[in-house]
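In: fold the following.
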Amino acid sequence: MADDAQSAKATAAAGAPAMPAPMTGSLLAITSIALALGTFMQVLDSTIANVSIPTISGNLGVSTSQGTWVITSFAVANGVSVPLTAWLMMRYGVVKTFVSSVVLFTIASFLCGVSWNLPSLILFRVLQGAVSGPMIPGSQALLIMIFPAAQRGTALAIWSMTTLVAPICGPILGGYISDNISWPWIFLINVPVGIVCTVICWRNMISRETPTRVVPIDRTGFFLLLTWVGALQVMLDTGKDADWFNSPAIVVETIVAAIGFVAWLIWELNEQNPIVDLSLMKSRNFVIATIVSCLGFAMFFGANLLSPLWLQTRMGYIATWAGLVAAPSGVVAVFLTPFAARLMNRVDARWTASLSLVAFALSFFMRSRFTTDIGFIALVMPSLVQGVAMSTFFVSMVTLTLNGVPGQQVPQASGLYNFARITAGSFAASLVSTVWEQTATLHQNRLSEVMGAQDPAFVGAVGKLQSLGLSGQQALGAVTNQVVNQAYLLATDDIFRICSGLMVLLIPCVWLTKKALGAGAAHAAAD
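Out: Residues are numbered from 1 along each chain as shown. Reported below is the predicted structural model:
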(Lines give C-alpha, C1' and ligand atoms only; values in the text may rest on other atoms or scores of the structure.)
Protein backbone atom coordinates (compact mmCIF):
# COMPACT_ATOMS: atom_id res chain seq x y z
CA MET A 1 0.00 0.00 0.00
CA ALA A 2 2.95 2.29 0.65
CA ASP A 3 4.12 1.75 -2.93
CA ASP A 4 0.66 2.70 -4.22
CA ALA A 5 0.54 5.84 -2.09
CA GLN A 6 3.99 6.93 -3.26
CA SER A 7 2.97 6.28 -6.87
CA ALA A 8 -0.16 8.39 -6.46
CA LYS A 9 1.85 11.27 -4.92
CA ALA A 10 4.38 11.13 -7.72
CA THR A 11 1.64 11.21 -10.33
CA ALA A 12 -0.03 14.17 -8.69
CA ALA A 13 3.26 16.00 -8.44
CA ALA A 14 3.82 15.50 -12.14
CA GLY A 15 0.53 17.22 -12.88
CA ALA A 16 -1.26 14.13 -14.20
CA PRO A 17 -4.52 12.85 -12.74
CA ALA A 18 -3.90 10.43 -9.91
CA MET A 19 -5.05 6.86 -10.46
CA PRO A 20 -7.68 5.54 -8.02
CA ALA A 21 -6.46 3.41 -5.16
CA PRO A 22 -6.49 -0.37 -5.72
CA MET A 23 -9.68 -2.24 -4.85
CA THR A 24 -10.05 -4.29 -1.70
CA GLY A 25 -12.42 -6.81 -0.14
CA SER A 26 -15.57 -8.03 -1.87
CA LEU A 27 -15.39 -5.33 -4.54
CA LEU A 28 -11.98 -6.63 -5.62
CA ALA A 29 -13.20 -10.24 -5.59
CA ILE A 30 -16.37 -9.57 -7.62
CA THR A 31 -14.59 -7.40 -10.19
CA SER A 32 -11.77 -9.93 -10.55
CA ILE A 33 -14.29 -12.70 -11.24
CA ALA A 34 -16.06 -10.55 -13.84
CA LEU A 35 -12.78 -9.74 -15.61
CA ALA A 36 -11.78 -13.40 -15.50
CA LEU A 37 -15.10 -14.29 -17.13
CA GLY A 38 -14.16 -12.06 -20.07
CA THR A 39 -10.95 -14.01 -20.61
CA PHE A 40 -12.77 -17.29 -20.00
CA MET A 41 -15.38 -16.64 -22.70
CA GLN A 42 -12.83 -15.70 -25.34
CA VAL A 43 -10.54 -18.67 -24.72
CA LEU A 44 -13.51 -21.03 -24.36
CA ASP A 45 -14.82 -20.06 -27.78
CA SER A 46 -11.48 -20.91 -29.38
CA THR A 47 -11.82 -24.55 -28.20
CA ILE A 48 -15.50 -25.28 -27.51
CA ALA A 49 -16.29 -25.85 -31.20
CA ASN A 50 -13.46 -28.35 -31.75
CA VAL A 51 -15.43 -31.42 -30.65
CA SER A 52 -18.67 -30.07 -32.16
CA ILE A 53 -17.46 -29.80 -35.77
CA PRO A 54 -18.91 -33.18 -36.89
CA THR A 55 -22.26 -32.32 -35.26
CA ILE A 56 -22.38 -28.82 -36.74
CA SER A 57 -21.32 -30.11 -40.17
CA GLY A 58 -23.98 -32.84 -40.11
CA ASN A 59 -26.77 -30.49 -39.05
CA LEU A 60 -25.85 -27.89 -41.67
CA GLY A 61 -25.35 -30.48 -44.41
CA VAL A 62 -21.66 -29.84 -45.13
CA SER A 63 -18.48 -31.91 -44.90
CA THR A 64 -16.29 -31.89 -41.80
CA SER A 65 -13.49 -30.20 -43.75
CA GLN A 66 -15.89 -27.35 -44.60
CA GLY A 67 -17.00 -27.34 -40.97
CA THR A 68 -13.48 -26.46 -39.82
CA TRP A 69 -14.15 -22.98 -41.20
CA VAL A 70 -16.10 -22.43 -37.98
CA ILE A 71 -12.76 -22.61 -36.15
CA THR A 72 -10.42 -20.97 -38.66
CA SER A 73 -12.70 -18.00 -39.36
CA PHE A 74 -12.76 -17.11 -35.67
CA ALA A 75 -9.01 -17.56 -35.26
CA VAL A 76 -8.06 -15.48 -38.31
CA ALA A 77 -10.39 -12.61 -37.41
CA ASN A 78 -9.14 -12.65 -33.83
CA GLY A 79 -5.50 -12.69 -34.92
CA VAL A 80 -5.94 -9.77 -37.33
CA SER A 81 -7.77 -7.69 -34.71
CA VAL A 82 -5.07 -8.13 -32.05
CA PRO A 83 -2.71 -5.46 -33.54
CA LEU A 84 -5.54 -2.90 -33.26
CA THR A 85 -5.89 -3.42 -29.50
CA ALA A 86 -3.10 -1.05 -28.43
CA TRP A 87 -4.49 1.78 -30.60
CA LEU A 88 -8.05 1.25 -29.34
CA MET A 89 -6.94 1.34 -25.71
CA MET A 90 -4.92 4.52 -26.19
CA ARG A 91 -7.71 6.22 -28.16
CA TYR A 92 -10.76 5.24 -26.07
CA GLY A 93 -9.36 3.94 -22.76
CA VAL A 94 -8.85 0.42 -21.49
CA VAL A 95 -12.20 0.15 -19.67
CA LYS A 96 -14.36 1.34 -22.58
CA THR A 97 -12.42 -0.81 -25.05
CA PHE A 98 -12.73 -3.94 -22.92
CA VAL A 99 -16.42 -3.48 -22.06
CA SER A 100 -17.31 -2.63 -25.66
CA SER A 101 -15.47 -5.74 -26.81
CA VAL A 102 -17.44 -7.90 -24.35
CA VAL A 103 -20.76 -6.35 -25.47
CA LEU A 104 -20.02 -6.91 -29.16
CA PHE A 105 -18.71 -10.41 -28.45
CA THR A 106 -21.97 -11.25 -26.64
CA ILE A 107 -24.05 -9.97 -29.56
CA ALA A 108 -21.90 -11.92 -32.05
CA SER A 109 -22.28 -15.07 -29.92
CA PHE A 110 -26.07 -14.71 -30.05
CA LEU A 111 -25.92 -14.32 -33.84
CA CYS A 112 -23.76 -17.47 -34.09
CA GLY A 113 -26.36 -19.35 -32.09
CA VAL A 114 -29.23 -18.30 -34.38
CA SER A 115 -27.31 -18.74 -37.67
CA TRP A 116 -29.27 -20.67 -40.31
CA ASN A 117 -26.55 -22.13 -42.54
CA LEU A 118 -22.77 -22.46 -42.77
CA PRO A 119 -22.11 -19.12 -44.56
CA SER A 120 -24.09 -17.20 -41.93
CA LEU A 121 -22.31 -19.05 -39.10
CA ILE A 122 -18.90 -18.31 -40.62
CA LEU A 123 -19.84 -14.64 -41.07
CA PHE A 124 -20.88 -14.30 -37.43
CA ARG A 125 -17.79 -16.24 -36.27
CA VAL A 126 -15.64 -13.73 -38.19
CA LEU A 127 -17.48 -10.94 -36.37
CA GLN A 128 -17.06 -12.74 -33.05
CA GLY A 129 -13.32 -13.15 -33.59
CA ALA A 130 -12.84 -9.59 -34.84
CA VAL A 131 -14.45 -7.92 -31.81
CA SER A 132 -12.78 -10.23 -29.27
CA GLY A 133 -9.24 -8.98 -29.90
CA PRO A 134 -9.13 -6.63 -26.86
CA MET A 135 -10.73 -9.08 -24.41
CA ILE A 136 -7.63 -10.99 -23.27
CA PRO A 137 -5.13 -8.07 -23.12
CA GLY A 138 -7.85 -5.83 -21.68
CA SER A 139 -8.72 -8.21 -18.85
CA GLN A 140 -5.05 -8.64 -18.04
CA ALA A 141 -4.41 -4.88 -17.93
CA LEU A 142 -7.48 -4.21 -15.77
CA LEU A 143 -6.67 -7.00 -13.31
CA ILE A 144 -3.23 -5.50 -12.79
CA MET A 145 -4.82 -2.05 -12.37
CA ILE A 146 -7.24 -3.01 -9.58
CA PHE A 147 -4.78 -5.07 -7.51
CA PRO A 148 -2.24 -3.47 -5.13
CA ALA A 149 1.30 -3.37 -6.52
CA ALA A 150 2.45 -6.04 -4.07
CA GLN A 151 -0.25 -8.42 -5.35
CA ARG A 152 0.33 -8.06 -9.09
CA GLY A 153 1.61 -11.62 -9.11
CA THR A 154 -1.80 -12.73 -7.83
CA ALA A 155 -3.52 -10.77 -10.58
CA LEU A 156 -1.38 -12.41 -13.26
CA ALA A 157 -1.95 -15.82 -11.65
CA ILE A 158 -5.74 -15.34 -11.85
CA TRP A 159 -5.42 -14.35 -15.49
CA SER A 160 -3.15 -17.30 -16.33
CA MET A 161 -5.30 -19.85 -14.52
CA THR A 162 -8.37 -18.64 -16.41
CA THR A 163 -6.65 -19.18 -19.75
CA LEU A 164 -5.85 -22.75 -18.68
CA VAL A 165 -9.24 -23.63 -17.17
CA ALA A 166 -11.15 -22.58 -20.30
CA PRO A 167 -9.49 -25.19 -22.58
CA ILE A 168 -10.48 -27.87 -20.05
CA CYS A 169 -14.11 -26.80 -20.05
CA GLY A 170 -14.26 -26.16 -23.80
CA PRO A 171 -14.14 -29.75 -25.12
CA ILE A 172 -16.26 -31.16 -22.27
CA LEU A 173 -18.88 -28.41 -22.42
CA GLY A 174 -18.96 -28.41 -26.22
CA GLY A 175 -19.33 -32.18 -26.32
CA TYR A 176 -22.06 -32.31 -23.69
CA ILE A 177 -24.08 -29.52 -25.31
CA SER A 178 -23.77 -31.08 -28.78
CA ASP A 179 -24.85 -34.51 -27.53
CA ASN A 180 -27.58 -33.56 -25.08
CA ILE A 181 -28.97 -30.14 -26.05
CA SER A 182 -28.21 -28.53 -29.42
CA TRP A 183 -25.00 -27.17 -30.93
CA PRO A 184 -26.23 -23.50 -31.11
CA TRP A 185 -26.03 -23.42 -27.32
CA ILE A 186 -22.23 -23.65 -27.43
CA PHE A 187 -22.49 -20.01 -28.52
CA LEU A 188 -25.69 -18.95 -26.74
CA ILE A 189 -24.24 -19.77 -23.30
CA ASN A 190 -22.02 -16.71 -23.75
CA VAL A 191 -25.01 -14.38 -23.66
CA PRO A 192 -25.82 -14.45 -19.90
CA VAL A 193 -22.12 -14.58 -19.02
CA GLY A 194 -21.41 -11.60 -21.26
CA ILE A 195 -24.25 -9.58 -19.72
CA VAL A 196 -23.01 -10.22 -16.17
CA CYS A 197 -19.42 -9.38 -17.12
CA THR A 198 -20.50 -6.17 -18.88
CA VAL A 199 -22.67 -4.85 -16.04
CA ILE A 200 -20.15 -5.54 -13.26
CA CYS A 201 -17.11 -4.25 -15.14
CA TRP A 202 -18.84 -1.07 -16.29
CA ARG A 203 -20.24 -0.21 -12.85
CA ASN A 204 -17.04 -0.98 -10.96
CA MET A 205 -14.41 0.13 -13.47
CA ILE A 206 -15.69 3.19 -15.37
CA SER A 207 -14.36 5.56 -12.69
CA ARG A 208 -10.91 4.04 -13.30
CA GLU A 209 -10.79 4.77 -17.02
CA THR A 210 -7.27 5.33 -18.32
CA PRO A 211 -6.22 8.62 -19.97
CA THR A 212 -6.90 8.82 -23.69
CA ARG A 213 -5.22 10.66 -26.52
CA VAL A 214 -5.76 11.06 -30.22
CA VAL A 215 -3.24 8.86 -32.01
CA PRO A 216 -3.00 8.15 -35.75
CA ILE A 217 -4.05 4.75 -37.04
CA ASP A 218 -2.38 2.95 -39.90
CA ARG A 219 -5.49 2.26 -42.01
CA THR A 220 -3.54 1.26 -45.10
CA GLY A 221 -1.38 -1.17 -43.13
CA PHE A 222 -4.46 -2.74 -41.52
CA PHE A 223 -6.24 -3.08 -44.88
CA LEU A 224 -3.19 -4.75 -46.45
CA LEU A 225 -2.84 -7.05 -43.42
CA LEU A 226 -6.50 -8.05 -43.69
CA THR A 227 -6.12 -8.64 -47.43
CA TRP A 228 -3.13 -10.97 -47.45
CA VAL A 229 -4.08 -12.93 -44.32
CA GLY A 230 -7.66 -13.35 -45.52
CA ALA A 231 -6.64 -14.41 -49.03
CA LEU A 232 -4.13 -16.92 -47.69
CA GLN A 233 -6.64 -18.39 -45.24
CA VAL A 234 -9.33 -18.77 -47.92
CA MET A 235 -6.78 -20.43 -50.21
CA LEU A 236 -5.82 -22.93 -47.51
CA ASP A 237 -9.44 -23.66 -46.58
CA THR A 238 -10.80 -24.12 -50.11
CA GLY A 239 -7.72 -25.56 -51.84
CA LYS A 240 -8.55 -29.23 -51.24
CA ASP A 241 -12.12 -29.00 -52.56
CA ALA A 242 -11.03 -26.87 -55.54
CA ASP A 243 -8.15 -29.19 -56.57
CA TRP A 244 -5.55 -26.64 -55.49
CA PHE A 245 -3.64 -24.87 -58.27
CA ASN A 246 -5.71 -26.48 -61.01
CA SER A 247 -8.37 -24.00 -59.93
CA PRO A 248 -8.11 -20.39 -61.23
CA ALA A 249 -9.67 -19.13 -57.98
CA ILE A 250 -6.91 -20.72 -55.88
CA VAL A 251 -4.25 -19.23 -58.19
CA VAL A 252 -5.81 -15.76 -57.87
CA GLU A 253 -6.05 -16.06 -54.06
CA THR A 254 -2.39 -17.09 -53.88
CA ILE A 255 -1.30 -14.15 -56.04
CA VAL A 256 -3.39 -11.73 -53.96
CA ALA A 257 -1.89 -13.12 -50.74
CA ALA A 258 1.70 -12.87 -52.08
CA ILE A 259 1.32 -9.34 -53.48
CA GLY A 260 -0.60 -8.21 -50.40
CA PHE A 261 2.10 -9.54 -48.09
CA VAL A 262 4.93 -7.81 -50.00
CA ALA A 263 2.95 -4.55 -50.16
CA TRP A 264 2.16 -4.75 -46.44
CA LEU A 265 5.81 -5.44 -45.62
CA ILE A 266 7.03 -2.44 -47.64
CA TRP A 267 4.35 -0.15 -46.21
CA GLU A 268 4.94 -1.12 -42.58
CA LEU A 269 8.71 -0.67 -42.92
CA ASN A 270 8.21 2.91 -44.15
CA GLU A 271 5.15 3.97 -42.12
CA GLN A 272 5.81 6.37 -39.23
CA ASN A 273 3.04 4.83 -37.07
CA PRO A 274 2.77 1.22 -38.30
CA ILE A 275 0.01 -1.04 -37.08
CA VAL A 276 2.68 -3.73 -36.64
CA ASP A 277 6.14 -2.58 -35.53
CA LEU A 278 8.42 -4.64 -37.77
CA SER A 279 11.52 -2.99 -36.30
CA LEU A 280 11.19 -5.68 -33.63
CA MET A 281 12.47 -8.12 -36.23
CA LYS A 282 15.95 -6.67 -35.63
CA SER A 283 15.99 -8.55 -32.32
CA ARG A 284 17.32 -12.08 -32.80
CA ASN A 285 15.68 -13.19 -29.57
CA PHE A 286 12.28 -11.91 -30.64
CA VAL A 287 12.42 -13.46 -34.12
CA ILE A 288 13.65 -16.91 -33.07
CA ALA A 289 11.36 -17.20 -30.05
CA THR A 290 8.34 -16.06 -32.09
CA ILE A 291 9.07 -18.59 -34.85
CA VAL A 292 9.47 -21.42 -32.34
CA SER A 293 6.30 -20.37 -30.54
CA CYS A 294 4.31 -20.17 -33.80
CA LEU A 295 5.44 -23.59 -35.02
CA GLY A 296 4.90 -25.19 -31.61
CA PHE A 297 1.46 -23.61 -31.20
CA ALA A 298 0.47 -24.56 -34.76
CA MET A 299 1.20 -28.23 -34.07
CA PHE A 300 -0.54 -28.07 -30.68
CA PHE A 301 -3.60 -26.37 -32.20
CA GLY A 302 -3.74 -28.79 -35.14
CA ALA A 303 -3.45 -31.81 -32.83
CA ASN A 304 -6.28 -30.52 -30.64
CA LEU A 305 -8.47 -30.34 -33.74
CA LEU A 306 -7.39 -33.64 -35.31
CA SER A 307 -7.90 -35.86 -32.25
CA PRO A 308 -11.64 -35.23 -31.71
CA LEU A 309 -12.20 -35.22 -35.47
CA TRP A 310 -10.69 -38.71 -35.80
CA LEU A 311 -12.41 -40.05 -32.68
CA GLN A 312 -15.86 -38.92 -33.79
CA THR A 313 -15.73 -39.64 -37.50
CA ARG A 314 -13.77 -42.92 -37.44
CA MET A 315 -13.82 -44.35 -33.93
CA GLY A 316 -17.49 -43.94 -33.07
CA TYR A 317 -16.97 -41.58 -30.12
CA ILE A 318 -19.70 -39.10 -29.27
CA ALA A 319 -18.69 -35.48 -28.74
CA THR A 320 -18.83 -35.73 -24.94
CA TRP A 321 -16.34 -38.59 -24.75
CA ALA A 322 -14.10 -36.95 -27.36
CA GLY A 323 -14.04 -33.91 -25.07
CA LEU A 324 -13.22 -36.05 -22.05
CA VAL A 325 -10.21 -37.46 -23.91
CA ALA A 326 -8.83 -33.93 -24.43
CA ALA A 327 -9.72 -32.44 -21.05
CA PRO A 328 -7.01 -34.08 -18.86
CA SER A 329 -4.29 -31.99 -20.53
CA GLY A 330 -5.88 -28.85 -19.11
CA VAL A 331 -6.32 -30.39 -15.66
CA VAL A 332 -2.61 -31.27 -15.48
CA ALA A 333 -1.66 -27.80 -16.76
CA VAL A 334 -3.75 -26.08 -14.08
CA PHE A 335 -2.21 -28.24 -11.35
CA LEU A 336 1.40 -27.74 -12.51
CA THR A 337 1.31 -24.08 -13.56
CA PRO A 338 1.77 -22.59 -10.05
CA PHE A 339 4.85 -24.80 -9.52
CA ALA A 340 6.14 -23.99 -12.99
CA ALA A 341 5.74 -20.25 -12.35
CA ARG A 342 7.87 -20.46 -9.19
CA LEU A 343 10.46 -22.54 -11.02
CA MET A 344 10.71 -20.07 -13.87
CA ASN A 345 11.64 -17.24 -11.52
CA ARG A 346 14.88 -19.11 -10.80
CA VAL A 347 15.52 -21.20 -13.93
CA ASP A 348 16.50 -20.07 -17.41
CA ALA A 349 13.38 -20.03 -19.61
CA ARG A 350 15.30 -21.96 -22.28
CA TRP A 351 15.31 -25.00 -19.99
CA THR A 352 11.55 -24.84 -19.30
CA ALA A 353 10.84 -24.22 -23.00
CA SER A 354 12.94 -27.27 -23.90
CA LEU A 355 11.08 -29.33 -21.29
CA SER A 356 7.75 -28.34 -22.82
CA LEU A 357 8.92 -29.21 -26.34
CA VAL A 358 10.13 -32.63 -25.13
CA ALA A 359 6.77 -33.24 -23.45
CA PHE A 360 4.90 -32.18 -26.61
CA ALA A 361 7.11 -34.49 -28.70
CA LEU A 362 6.49 -37.41 -26.32
CA SER A 363 2.75 -36.75 -26.35
CA PHE A 364 2.62 -36.74 -30.15
CA PHE A 365 4.82 -39.85 -30.36
CA MET A 366 2.45 -41.71 -28.01
CA ARG A 367 -0.45 -40.72 -30.26
CA SER A 368 1.43 -41.92 -33.34
CA ARG A 369 1.17 -45.47 -31.93
CA PHE A 370 -2.63 -45.49 -31.71
CA THR A 371 -4.54 -48.47 -33.13
CA THR A 372 -8.17 -48.95 -34.12
CA ASP A 373 -8.88 -51.00 -30.99
CA ILE A 374 -7.31 -48.53 -28.53
CA GLY A 375 -9.11 -48.00 -25.21
CA PHE A 376 -10.13 -44.80 -23.45
CA ILE A 377 -7.31 -44.88 -20.87
CA ALA A 378 -4.66 -45.25 -23.57
CA LEU A 379 -6.18 -42.27 -25.40
CA VAL A 380 -6.01 -40.13 -22.26
CA MET A 381 -2.34 -40.82 -21.43
CA PRO A 382 -0.90 -38.58 -24.18
CA SER A 383 -3.24 -35.80 -23.00
CA LEU A 384 -1.73 -36.02 -19.52
CA VAL A 385 1.77 -35.67 -20.96
CA GLN A 386 0.60 -32.74 -23.09
CA GLY A 387 -0.61 -31.04 -19.91
CA VAL A 388 3.00 -30.98 -18.65
CA ALA A 389 4.00 -29.20 -21.86
CA MET A 390 1.17 -26.67 -21.59
CA SER A 391 2.15 -25.71 -18.04
CA THR A 392 5.50 -24.28 -19.20
CA PHE A 393 5.37 -23.71 -22.97
CA PHE A 394 3.34 -20.50 -23.23
CA VAL A 395 4.95 -18.63 -20.35
CA SER A 396 8.44 -19.78 -21.41
CA MET A 397 7.97 -18.57 -24.97
CA VAL A 398 6.54 -15.19 -23.89
CA THR A 399 9.52 -14.77 -21.56
CA LEU A 400 12.01 -15.53 -24.34
CA THR A 401 10.13 -13.37 -26.85
CA LEU A 402 10.04 -10.25 -24.66
CA ASN A 403 13.56 -10.69 -23.32
CA GLY A 404 15.59 -7.66 -24.37
CA VAL A 405 12.63 -5.74 -25.81
CA PRO A 406 12.66 -2.10 -24.58
CA GLY A 407 9.86 -1.27 -22.14
CA GLN A 408 8.15 1.17 -24.49
CA GLN A 409 7.98 -1.51 -27.21
CA VAL A 410 6.57 -4.31 -25.04
CA PRO A 411 2.91 -3.64 -26.05
CA GLN A 412 3.83 -3.68 -29.75
CA ALA A 413 5.98 -6.77 -29.28
CA SER A 414 3.21 -8.57 -27.42
CA GLY A 415 0.70 -7.64 -30.13
CA LEU A 416 2.95 -8.85 -32.96
CA TYR A 417 3.77 -12.06 -31.07
CA ASN A 418 0.10 -12.88 -30.42
CA PHE A 419 -0.90 -11.99 -33.97
CA ALA A 420 1.74 -14.36 -35.39
CA ARG A 421 0.87 -17.15 -32.93
CA ILE A 422 -2.91 -16.98 -33.44
CA THR A 423 -2.54 -16.74 -37.23
CA ALA A 424 -0.22 -19.77 -37.23
CA GLY A 425 -2.85 -21.72 -35.30
CA SER A 426 -5.59 -20.81 -37.78
CA PHE A 427 -3.41 -21.86 -40.72
CA ALA A 428 -2.68 -25.16 -38.95
CA ALA A 429 -6.41 -25.79 -38.48
CA SER A 430 -6.91 -25.39 -42.22
CA LEU A 431 -3.97 -27.55 -43.21
CA VAL A 432 -4.44 -30.42 -40.78
CA SER A 433 -7.82 -31.53 -42.14
CA THR A 434 -6.55 -31.28 -45.73
CA VAL A 435 -3.33 -33.19 -45.05
CA TRP A 436 -5.25 -35.77 -43.01
CA GLU A 437 -7.72 -36.57 -45.77
CA GLN A 438 -5.09 -36.59 -48.52
CA THR A 439 -2.82 -38.87 -46.51
CA ALA A 440 -5.77 -41.16 -45.73
CA THR A 441 -6.58 -41.37 -49.45
CA LEU A 442 -2.96 -42.31 -50.19
CA HIS A 443 -3.02 -45.07 -47.55
CA GLN A 444 -6.39 -46.31 -48.78
CA ASN A 445 -5.04 -46.63 -52.33
CA ARG A 446 -2.02 -48.56 -51.10
CA LEU A 447 -4.15 -50.90 -49.02
CA SER A 448 -6.50 -51.47 -51.94
CA GLU A 449 -3.57 -52.44 -54.17
CA VAL A 450 -2.74 -55.45 -52.01
CA MET A 451 -6.37 -56.52 -51.55
CA GLY A 452 -8.49 -58.44 -54.01
CA ALA A 453 -9.55 -61.89 -55.13
CA GLN A 454 -5.96 -63.12 -54.91
CA ASP A 455 -5.47 -61.98 -51.29
CA PRO A 456 -6.21 -64.88 -48.87
CA ALA A 457 -6.87 -62.53 -45.93
CA PHE A 458 -9.40 -60.51 -47.94
CA VAL A 459 -11.15 -63.61 -49.27
CA GLY A 460 -11.21 -65.15 -45.79
CA ALA A 461 -12.67 -62.01 -44.20
CA VAL A 462 -15.45 -61.74 -46.80
CA GLY A 463 -16.21 -65.47 -46.47
CA LYS A 464 -16.43 -65.27 -42.68
CA LEU A 465 -18.83 -62.35 -42.81
CA GLN A 466 -21.01 -64.20 -45.33
CA SER A 467 -21.10 -67.20 -43.03
CA LEU A 468 -22.54 -64.91 -40.35
CA GLY A 469 -25.49 -64.03 -42.59
CA LEU A 470 -24.29 -61.04 -44.58
CA SER A 471 -24.77 -60.92 -48.33
CA GLY A 472 -21.74 -60.70 -50.61
CA GLN A 473 -22.31 -56.95 -51.11
CA GLN A 474 -22.74 -56.32 -47.38
CA ALA A 475 -19.60 -58.31 -46.54
CA LEU A 476 -17.61 -56.39 -49.14
CA GLY A 477 -18.92 -53.09 -47.74
CA ALA A 478 -17.98 -54.05 -44.17
CA VAL A 479 -14.43 -54.97 -45.19
CA THR A 480 -14.11 -51.77 -47.23
CA ASN A 481 -15.23 -49.72 -44.23
CA GLN A 482 -12.51 -51.33 -42.12
CA VAL A 483 -9.95 -50.48 -44.81
CA VAL A 484 -11.08 -46.84 -44.80
CA ASN A 485 -10.88 -46.70 -40.99
CA GLN A 486 -7.40 -48.20 -41.11
CA ALA A 487 -6.33 -45.65 -43.74
CA TYR A 488 -7.48 -42.75 -41.56
CA LEU A 489 -5.71 -44.28 -38.56
CA LEU A 490 -2.46 -44.51 -40.52
CA ALA A 491 -2.90 -40.89 -41.66
CA THR A 492 -3.49 -39.80 -38.05
CA ASP A 493 -0.39 -41.69 -36.88
CA ASP A 494 1.69 -40.14 -39.69
CA ILE A 495 0.71 -36.60 -38.76
CA PHE A 496 1.45 -37.11 -35.07
CA ARG A 497 4.77 -38.77 -35.91
CA ILE A 498 5.79 -35.76 -38.04
CA CYS A 499 4.69 -33.33 -35.30
CA SER A 500 6.74 -35.26 -32.75
CA GLY A 501 9.86 -35.00 -34.91
CA LEU A 502 9.35 -31.29 -35.57
CA MET A 503 8.99 -30.58 -31.86
CA VAL A 504 12.37 -32.23 -31.25
CA LEU A 505 13.94 -30.16 -34.04
CA LEU A 506 12.68 -26.96 -32.39
CA ILE A 507 14.66 -27.61 -29.20
CA PRO A 508 18.08 -26.50 -30.60
CA CYS A 509 16.40 -23.34 -31.93
CA VAL A 510 15.39 -22.37 -28.40
CA TRP A 511 19.06 -22.34 -27.41
CA LEU A 512 19.86 -19.79 -30.10
CA THR A 513 18.11 -17.21 -27.90
CA LYS A 514 19.60 -15.42 -24.90
CA LYS A 515 19.14 -16.46 -21.29
CA ALA A 516 15.92 -15.18 -19.71
CA LEU A 517 14.10 -15.58 -16.39
CA GLY A 518 10.33 -15.75 -16.01
CA ALA A 519 10.24 -12.84 -13.57
CA GLY A 520 11.25 -10.52 -16.37
CA ALA A 521 8.13 -11.29 -18.36
CA ALA A 522 5.91 -10.78 -15.34
CA HIS A 523 7.44 -7.38 -14.65
CA ALA A 524 7.10 -6.41 -18.31
CA ALA A 525 3.45 -7.39 -18.29
CA ALA A 526 2.84 -5.49 -15.08
CA ASP A 527 4.49 -2.35 -16.37
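
In: remind me which residues of this protein are low pLDDT?
Out: 1-19, 150-158, 160-161, 164, 167-168, 407-408, 411, 452-455, 517-527 (pLDDT under 70).

In: can you list the residues that contact stretch 322-338?
Out: 50-51, 157, 160-161, 164-165, 167-176, 304, 307-308, 311-312, 317, 376, 379-380, 383-384, 386-388, 390-392, 395 (CB atoms under 8 Å, 6 or more residues apart in numbering). C-beta: built from backbone N, CA, C; applies to glycine.

In: report the buried residues of that stretch.
Out: 322-330, 332-334, 336-337 (16 or more other CB atoms under 10 Å).

In: picking up where we left off before, would you mind giving me the ChimeraX syntax to select the buried ones in the contacts of stretch 322-338?
Out: Applying 16+ other CB under 10 Å to the contacts of stretch 322-338, the buried members can be selected in ChimeraX as follows:
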select :50,51,157,160,161,164,165,167,168,169,170,171,172,173,174,175,176,304,307,308,311,312,317,379,383,386,387,388,390,391,392,395
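
In: and the end-to-end length of stretch 507-516?
Out: 16 Å (CA to CA, to the nearest Å).

In: please list all residues in contact with N180.
Out: With CB under 8 Å, 6+ apart, N180 has these contacts: T320.

In: and T47, how far from S448?
Out: Distance of T47 to S448, given as CB to CB, to the nearest Å: 36 Å.

In: now swap in W228 and tell me
Out: 41 Å.

In: which of these two has more residues huddled nearby?
Out: W228 (19 against 13; other CB atoms under 10 Å).

In: ok, that one to V252 distance?
Out: Per CB to CB, W228 is found 13 Å from V252.

In: show the subsequent helix or strand relative to the helix or strand harbouring P119.
Out: In this assignment (DSSP states H and E), P119 forms part of helix 118-131. For helix 118-131, the following helix or strand on the C-terminal side (DSSP H and E) is helix 135-146.

In: identify each buried residue in that next one, please.
Out: M135, I136, P137, G138, S139, Q140, A141, L142, L143, I144, M145, I146.

In: for those residues, which one is nearest W183?
Out: M135 (22.8 Å; CB to CB).

In: give me the element the residue lying closest to that closest one once chain neighbours are set aside is part of.
Out: In space, and not counting its chain neighbours, M135 is closest to Q42: 4.4 Å by CB to CB, 6 or more residues apart in numbering. Using DSSP H and E, Q42 falls within helix 25-45.

In: now do the buried residues in that helix.
Out: 28, 31-32, 34-45.

In: residues in contact with whichever helix or strand comes after that helix?
Out: Remark: after helix 25-45, the chain's next helix or strand is helix 53-60, criterion DSSP H and E. With contact meaning CB under 8 Å, 6+ apart, helix 53-60 is reached by 49, 63-64, 66-68, 70-71, 117-118, 121, 178-179, 183, 305, 308-309, 312-313, 319.

In: in PyMOL, how would I select the buried members of those residues?
Out: Of these, the buried ones can be selected in PyMOL as follows, counting by 16+ other CB under 10 Å:
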select buried, resi 49+64+66+67+68+70+71+118+121+178+179+183+305+308+309+312+313+319
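
In: from the middle of its chain, how far away would the host helix or strand of S73 be?
Out: Element membership of S73, judged by DSSP H and E, is helix 69-81. Distance of helix 69-81 from its chain centroid, counting by CA atoms, centre = their mean, to the nearest Å, is 9 Å.

In: helices or strands up against that helix?
Out: Packed against helix 69-81 by the contact rule (3 or more CB pairs under 8 Å, 6 or more residues apart in numbering; DSSP states H and E) you find helix 53-60, helix 118-131, helix 219-238, helix 410-449.

In: tell me the contacts of the spatially closest residue to M381 that is not a sequence neighbour?
Out: Distances taken as CB to CB, 6+ apart place M366 nearest to M381, at 6.3 Å, with adjacent residues excluded. Each residue near M366 by CB under 8 Å, 6+ apart is listed here: M381, P382, V385.
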